[in-house]
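**Q** got a structure for you, letters missing:
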């Protein structure tokens with residue numbers, strides 16, 4: 001046995017020992033429930049509190065039994081033994097894998113209450129606003145039974161509501177809101193302005209999605225810098241370019257490049273001599289490239305939608321509108337100009353943090369998902385987390401059919417429509433998982449042309465998702481949805497009230513149809529998991545074509561011999577194996593991208609930690625005044641007549657302004673360095689090593705510059721009873737800020753090629 005095999009066997013046996021131990025605790029808890037049921041509410045709450053000693057749960061069986069009794073009294077929900085086991089593993093800091101429909105919401109609330117009873121503040125991190133609001137309200141009776149407080153934070157929460165919520169024992173919030181509030185708090189100049197309060201535990205729902213799939217997505221805080229430069233003439237010129245002649249697109253569909261002929265055409269249309277002259281290379285050429293990117297690579301109803309006269313980004317991983325988010329670096333303006341809309345004002349990046357760096361700020365991270373095992377490597381490597389698999393309460397009765405493979409996208413899409421029509425004719429409900437807005441709408445149109453009524457769930461109507469998903473299991477329903485990861489609403493057979501449960505079960509339960517394989521098997525399994533909940537029957541079936549992106553990317557340079565039927569179907573074990581191989585390749589690529597990107601991001605994350613310590617010292621002590629006074633004693637003496645709190649706040653404002661300004665400049669510089677660092681390989685230098693060398697040098701200079709600039713401002717700016725008048729000296733913070741996300745993932749496209757007219761694939 002090799003060392004690697006031995007390691008994994010040891011890891012597996014350790015997890016099994018932990019689960020066996022947990023099952024023993026759960027069995028002991030079950031024996032205690034009858035006695036605890038005799039207690040009144042106050043006595044029961046006191047009994048559970050008494051199991052906590054020294055900030056830890058000392059009597060776990062009694063603790064679990066008390067939680068179970070309280071759950072039944074307050075929510076009418078009696079936890080299964082496997083749910084109690086899951087609670088234990090969460091309290092041990094694991095990521096648990098529980099199948100869809102097995103009650104993760106209750107498990108999360110019980111574990112959060114357990115952590116809160118030990119004196120820890122808990123952030124229950126959801127993947128969208130709806131789930132944060134729903135789960136906080138749903139689980140409130142259980143939490144408040146023990147005298148604990150709970151509140152949600154959503155995108156619509158006011159500042160006062162956020163301040164109050166973050167000071168509760170348990171906070172339900174989307175990961176993006178927590179991240180953006182953290183970034184905004186890093187711009188304050190008085191501690192009283194802070195929105196967030198420190199938290200001890202992050203309990204992450206859909207943990208693999210947040211901690212792995214989107215781990216390296218940077219959350220960005222930007223500030224206003226005035227109006228964007230005019231883009232209308234450039235947009236008009238670029239709109240006349242033809243692909244293949246005037247510009248080309250790389251194989252991955254990530255970049256577009258002007259050809260010599262295209263550049264000459266743009267120069268002629270703009271009336272300039274050369275895009276590459278000193279006069280235009282840093283301005284006009286940049287805006288031409290942004291307009292070209294908007295035209296060639298960003299497709300309406302795939303990457304964004306237009307609603308109420310505004311461009312709204314689509315979160316590709318969930319098929320939802322990404323609220324209050326926008327593209328950086330003038331790209332937002334380019335897309336707005338392309339669509340003929342009013343162009344937004346420009347801005348500069350004030351601060352950014354990746355989800356991975358944000359999660360690593362919590363002393364304790366744990367989580368739950370339906371598909372954690374496949375992400376074991378990443379969870380262990382990047383967070384030091386272990387995975388515990390929790391058995392189903394009822395045996396799985398879902399039938400997972402082998403993939404239907406077709407030669408072309410057109411033949412595959414025709415077969416999808418036929419299969420859905422055939423299933424629908426029996427009355428069996430169908431849930432179809434598509435990859436983007438355009439595909440969902442094209443498929444819905446094709447089905448409606450066959451006389452089949454369709455409910456569509458995508459970024460254009462995600463506010464209705466709870467109702468649509470809740471009814472998706474009713475007789476004769478056909479629901480077409482974009483990415484199902486994180487939808488968070490169970491699909492019950494027979495509708496939300498399960499009135500026709502037995503009838504639908506007799507028909508075979510919910511049928512799940514995937515229109516293409518995802519880039520990871522986990523995303524496939526998340527879709528599959530919508531069928532067969534809690535022992536119900538169900539069916540899952542995926543369609544694949546040899547023209548799908550996963551085959552193009554994962555099978556690049558490889559050939560497979562196929563002999564399709566007249567309808568294009570390929571029945572070959574070898575081809576099935578090739579599809580599995582392509583998916584494993586894309587998964588490997590994603591892991592490598594994650595690993596390499598984290599190496600670049602980690603140093604900036606370390607720098608951020610140092611910056612945060614410096615900011616805290618400036619905010620919470622008289623460090624700013626002491627440092628500036630020691631640099632310029634004469635100026636300090638001039639201000640001696642002012643109250644100490646005025647002098648200290650003036651010094652604090654000055655030093656924080658320059659520290660924040662230099663950090664913003666540092667982020668922009670390191671972004672530029674990263675864009676060009678690959679060129680170091682030509683000089684036989686290792687790019688990552690060179691990046692680290694530059695980052696360390698520049699960060700040291702940042703710290704020195706911030707203090708020097710602050711000292712100069714301290715000497716020159718007007719300081720009186722009203723504080724330091726920085727704006728009068730031209731030192732002005734942004735008048736407005738906004739947030740957005742940027743994906744570093746080059747494989748986050750749709751299942752079918754987004755470049756080749758996806759809007760027409762079902763017509």
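**A** Sure thing, it's come through. Every value quoted in this text rests on a predicted model; they were computed, and no experiment measured them.

**Q** And the helices in the stretch 601-750 of the chain?
**A** Applying DSSP state H, counting those that start in this stretch to the stretch 601-750 of the chain gives helices spanning 623-631, 633-638, 644-676, 687-716.

**Q** Would you mind measuring from residue 479 to residue 507?
**A** Look at residue 479 and residue 507: by C-beta to C-beta, to the nearest Å, they are 16 Å apart. Bear in mind the C-beta positions are built from the backbone N, C-alpha and C, glycine included.

**Q** between those two, which one's more packed in?
**A** residue 479 (23 against 19; other C-beta atoms under 10 Å).

**Q** Do I have it right that that one meets residue 470?
**A** No. Contact criterion C-beta atoms under 8 Å: residue 479 and residue 470 do not qualify, at 10.4 Å.

**Q** before we move on, what SS does residue 305 have?
**A** Of the three states, residue 305 takes strand under DSSP: H, G, I helix; E, B strand; the rest coil.

**Q** out of the helices of the stretch 601-750 of the chain, which comes closest to residue 293?
**A** Checking these against residue 293 by C-beta to C-beta gives helix 644-676 as the closest, at 14.2 Å.

**Q** could you give the angle of that closest one to helix 687-716?
**A** 150 degrees (axes from the mean of the first three to the mean of the last three C-alpha atoms, to 10 degrees).

**Q** which helices and strands does helix 644-676 pack with?
**A** strand 345-354, helix 573-620, helix 623-631, helix 687-716, strand 723-724 (3 or more C-beta pairs under 8 Å, 6 or more residues apart in numbering; DSSP states H and E).

**Q** Let me have these in JSON lines, extended by mean neighbour count and distance to residue 209.
**A** JSON lines is the format used below for the helices and strands packed on helix 644-676 (neighbours: other C-beta atoms under 10 Å; distance: least, C-beta to C-beta, whole Å):
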{"stretch": "strand 345-354", "mean neighbour count": "20", "distance to residue 209": "15"}
{"stretch": "helix 573-620", "mean neighbour count": "16", "distance to residue 209": "13"}
{"stretch": "helix 623-631", "mean neighbour count": "18", "distance to residue 209": "40"}
{"stretch": "helix 687-716", "mean neighbour count": "16", "distance to residue 209": "27"}
{"stretch": "strand 723-724", "mean neighbour count": "22", "distance to residue 209": "45"}
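
**Q** need these in a markdown table with mean pLDDT, can you?
**A** A markdown table is the format used below for those (pLDDT from 0 to 100):
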| stretch | mean pLDDT |
| --- | --- |
| strand 345-354 | 79 |
| helix 573-620 | 89 |
| helix 623-631 | 95 |
| helix 687-716 | 91 |
| strand 723-724 | 92 |
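
**Q** Residue 384 is nearest to which of these?
**A** Comparing the helices and strands packed on helix 644-676 by C-beta to C-beta, helix 573-620 comes nearest, at 13.7 Å.

**Q** Distance of the residue nearest to residue 515 when sequence neighbours are not counted relative to residue 40?
**A** Nearest residue to residue 515 in three dimensions, chain neighbours excluded: residue 434, at 5.1 Å (C-beta to C-beta, 6 or more residues apart in numbering). Residue 434 sits 52 Å away from residue 40, taking C-beta to C-beta as the criterion.

**Q** again with residue 162
**A** Taken as C-beta to C-beta, the span from residue 162 to residue 40 is 36 Å.

**Q** Between these two, which is the more surrounded one?
**A** The residue with more neighbours, out of residue 162 and residue 40, is residue 162; 20 against 8, by other C-beta under 10 Å.

**Q** Give the full set of residues in contact with that one.
**A** Applying C-beta atoms under 8 Å, 6 or more residues apart in numbering, we find residue 162 in contact with 153, 181, 195-196.
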